[in-house]
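[1] build the 3D model from these lines:
(2 chains)
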2 protein chains.
Amino acid sequence: MNKNTKVNAAILIIGNEILSGRTQDTNTSTLATWLNSIGVTVGEVRVIPDIEKTIIDTVNLLRNNYDYVFTTGGIGPTHDDITAESISKAFGLKYEIHQQAFKILEAYYKKGEFNEGRQKMVWMPQNANLILNPTSGAPGFNVENVFCLPGVPSILKSMLGGLKNRIVGGEPILSKTISLRTVESEIAKSLTKVQENNQDVEIGSYPFFQAGKLGVSIVIRSEDQSKIDSCNSQILKFVNEKNIEIVDR
Amino acid sequence: MNKNTKVNAAILIIGNEILSGRTQDTNTSTLATWLNSIGVTVGEVRVIPDIEKTIIDTVNLLRNNYDYVFTTGGIGPTHDDITAESISKAFGLKYEIHQQAFKILEAYYKKGEFNEGRQKMVWMPQNANLILNPTSGAPGFNVENVFCLPGVPSILKSMLGGLKNRIVGGEPILSKTISLRTVESEIAKSLTKVQENNQDVEIGSYPFFQAGKLGVSIVIRSEDQSKIDSCNSQILKFVNEKNIEIVDR
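    From the prediction side, this is the model:
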């Protein structure tokens, strides 16, 4: 893949526990940060319930619209873990025991512990590629451009390292943050001008509260460091003119 | 609205900062918990970038598919705050100064502080209904079934109280959590049977790590307390038979 091509991905969080508010999703932020670091832009995130038709339809939509799709959740041993079977149906593949995954888990557990419940975790779409799990044994998998990861954040994190070589990113997306002791309305007009003069750079403005004080972080994002540097100078120019304090965050 | 009608909502998180991984979204969990408590089920969540066409298309899709849509983000004073204008376009409404919002902010700020940047925050879809903001003045708004809230979590939270009477929910969704000192594979089969015998109840199984120990939380959700109680008994029966410890979480 040409290194200058934009590469994008969608993240699909599967799980009623996120939609009920019971569980705070953190996998989006983990995956998005990691994807950006390897030159993949996240175009959208969807959170959907554990409903087979919804999973199938959403996966089929997203895998056609994005270079990569990352799913999280629903690959454990219980009845509400329906991701692997749903992905099989989305691709029209047989849902069957994955022999390599079976061997991995058979070796992972003590004799007699690889019970029926755990064996559910080796059922996958036919010929899926495994994503190894250094934390708790049970692998994730990928089919074509769809990568299926577990929902437990610490396990998901531990699996990303082994995945890196299977994702072909574009230029890494670089960013520069300038945090100011000001409010957005004080800089809105000047910042708009900088954005207008640099339309191929993404400039975001995010208010924050820290130690009881208000501030604004300006984030400049681009694949081109020289464009970031140029925007940075233009921003520092008006910050200086307005006598606004720059703070660490 | 009939109190027995199922009422659903979609949450639309608008902002590049979530898609880049820089900011951890917490508004989904806040909104979902609150919506469930007033009898509104969240059917899906989408996170999309600050791109006008994407906002317009997604809002128009979701507002037709769900009883309510809640957006967060993009209603501040800077150039990347394009939600209000995008919502205007989604509804084919004029984007204009909202007189009541203007008066609120004029009174909120000290004389001379209600500058051009801040005045951007009173531009809204024509005849939008305001959602008052007890924290930082600038109101959110709603048009028909679409409710637009800010992205800053503490401000969003403070605005929900005033919104409650404008949302007509169904029966509140009740839940019961049973936390066990076990692993999912030990209970998967028994739990599947309980789910099969109670298909109109949502039973989820979520592994957790706490103080270095593994556990599983089983969450039973329904609008009918007696159904929850019945599932609870059926689960406690096998938990007891298997001699599994029940833990507090």
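
[2] return the set of buried residues in the longest helix seen in chain A.
    Assignment by DSSP state H gives helix A:225-241 as the longest helix of chain A. Residues A:227-228, A:230-232, A:234-235, A:239 are the ones in helix A:225-241 that count as buried (16 or more other C-beta atoms under 10 Å in any protein chain shown). Any C-beta I mention is one placed from the backbone N, CA and C, and that applies to glycine too.

[3] and the next helix or strand past it?
    strand A:245-247 (DSSP states H and E).

[4] figure out how far that next one is from the centre of its chain.
    With C-alpha atoms, centre = their mean, to the nearest Å as the basis, strand A:245-247 stands 31 Å off its chain's centre.

[5] what does the longest helix of chain A contact?
    Helix A:225-241 has contacts (C-beta atoms under 8 Å, 6 or more residues apart in numbering or on different chains) with A:174-176, A:178, A:180, A:187, A:190-191, A:194, A:197-198, A:200-201, A:203, A:218, A:220-222, A:246.

[6] drop anything exposed from the residues you listed.
    Buried among those (16+ other C-beta under 10 Å): A:174, A:178, A:180, A:187, A:190-191, A:194, A:198, A:201, A:203, A:218, A:220-222.

[7] mind putting those residues into a markdown table with distance to chain B and pLDDT?
    Below are those laid out as a markdown table (distance: C-beta to the nearest C-beta, whole Å; pLDDT from 0 to 100):
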| residue | distance to chain B | pLDDT |
| --- | --- | --- |
| A:174 | 11 | 91 |
| A:178 | 13 | 95 |
| A:180 | 12 | 96 |
| A:187 | 8 | 94 |
| A:190 | 10 | 95 |
| A:191 | 6 | 96 |
| A:194 | 9 | 97 |
| A:198 | 11 | 96 |
| A:201 | 12 | 96 |
| A:203 | 7 | 96 |
| A:218 | 9 | 96 |
| A:220 | 11 | 96 |
| A:221 | 7 | 94 |
| A:222 | 12 | 93 |
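
[8] where does the prediction get shaky in chain A?
    A:1-5, A:249 (pLDDT under 70).

[9] quick check, central residue of it?
    residue A:31 (2.7 Å; C-alpha atoms, centre = their mean).

[10] ok, residue A:185 touching residue B:109?
    No - Residue A:185 is beyond contact range of residue B:109, at 9.3 Å (criterion: C-beta atoms under 8 Å).

[11] show me the common contact partners of those two, please.
    By C-beta under 8 Å, 6+ apart, the residues touching both residue A:185 and residue B:109 are residue B:118.

[12] more crowded one of these two?
    Counted by other C-beta atoms under 10 Å in any protein chain shown, residue A:185 and residue B:109 do not tie: residue A:185 has more neighbours, with 23 against 14.

[13] got the angle between the one helix or strand that one maps to and helix A:225-241?
    Using DSSP H and E, the element containing residue A:185 is helix A:184-197. Going by axes from the mean of the first three to the mean of the last three C-alpha atoms, to 10 degrees, helix A:184-197 is angled at 140 degrees with respect to helix A:225-241.

[14] relative to the whole chain's centre, how far out is helix A:184-197?
    29 Å.

[15] next SSE downstream of that helix?
    For helix A:184-197, the following helix or strand on the C-terminal side (DSSP H and E) is strand A:202-210.

[16] just the angle between that next one and helix A:184-197, please?
    Using the same axes, to 10 degrees: strand A:202-210 against helix A:184-197 is 160 degrees.

[17] which residues of chain A fall in strands?
    A:7-14, A:40-48, A:68-72, A:95-97, A:123-125, A:129-133, A:137-143, A:146-149, A:174-181, A:202-210, A:213-222, A:245-247 (DSSP state E).

[18] pick the most deeply packed of those strands.
    Among the strands of chain A, strand A:68-72 has the highest mean neighbour count (mean count of other C-beta atoms under 10 Å in any protein chain shown), at a mean of 27.

[19] given that one, what are its sheet partners and their directions?
    Next to strand A:68-72 in the sheet, as set by DSSP bridges, lie strand A:7-14 (parallel), strand A:146-149 (parallel).

[20] nearest to residue A:104, of the ones you listed?
    strand A:146-149 (15.7 Å; C-beta to C-beta).

[21] contacts made by the closest one with the rest, please.
    By C-beta under 8 Å, 6+ apart, the surrounding residues in contact with strand A:146-149 are A:27, A:31, A:59, A:63, A:68-72, A:75, A:83-84, A:87, A:90-91, A:131, A:140-142, A:156, A:159, A:163, A:166.

[22] if we use 6 Å, what do you get?
    Strand A:146-149 has contacts (C-beta atoms under 6 Å, 6 or more residues apart in numbering or on different chains) with A:63, A:69-72, A:83, A:140-141, A:156.

[23] tell me the gap between it and the middle of its chain.
    Distance, centroid of strand A:146-149 to centroid of chain: 11 Å (C-alpha atoms, centre = their mean).

[24] excluding its backbone neighbours, what's nearest residue A:101?
    Leaving aside its chain neighbours, residue A:101 sits nearest to residue A:122 (4.1 Å; criterion: C-beta to C-beta, 6 or more residues apart in numbering or on different chains).

[25] I should have written residue A:154 there, sorry.
    Per C-beta to C-beta, 6+ apart, closest to residue A:154 is residue A:135, 6.6 Å.

[26] do residue A:163 as well
    Residue A:163's closest residue in space is residue A:131 (C-beta to C-beta, 6+ apart), at 5.9 Å.

[27] domain assignment for chain A?
    A:7-166, A:174-247 (automatic domain parsing).

[28] surely residue A:56 is in contact with residue A:86?
    Yes - using C-beta atoms under 6 Å, residue A:56 makes contact with residue A:86 at a distance of 5.4 Å.

[29] mind listing what's buried in stretch A:11-30?
    So, applying 16+ other C-beta under 10 Å, buried residues of stretch A:11-30: A:11-25, A:27-30.

[30] just stretch A:96-112 next, same as before
    For stretch A:96-112, using 16+ other C-beta under 10 Å, the buried residues are A:98, A:101, A:104-105.

[31] distance between the ends of that stretch?
    For stretch A:96-112, the first and last residues are 22 Å from each other (C-alpha to C-alpha, to the nearest Å).

[32] next one: it to chain centre, how far?
    28 Å.

[33] just stretch A:18-28 next, same as before
    With C-alpha atoms, centre = their mean, you get 14 Å for stretch A:18-28.

[34] can you list contacts of that stretch?
    Contacts with stretch A:18-28, where a contact means C-beta under 6 Å, 6+ apart, come from A:11, A:13, A:17, A:45, A:47, A:49, A:72, A:153, A:156, B:29, B:32-33, B:36, B:42.

[35] any chance of those residues in a markdown table, plus distance to residue B:116?
    Shown next, in a markdown table, are the contacts of stretch A:18-28 (distance: C-beta to C-beta, whole Å):
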| residue | distance to residue B:116 |
| --- | --- |
| A:11 | 37 |
| A:13 | 39 |
| A:17 | 44 |
| A:45 | 34 |
| A:47 | 37 |
| A:49 | 44 |
| A:72 | 43 |
| A:153 | 43 |
| A:156 | 45 |
| B:29 | 35 |
| B:32 | 36 |
| B:33 | 37 |
| B:36 | 41 |
| B:42 | 37 |
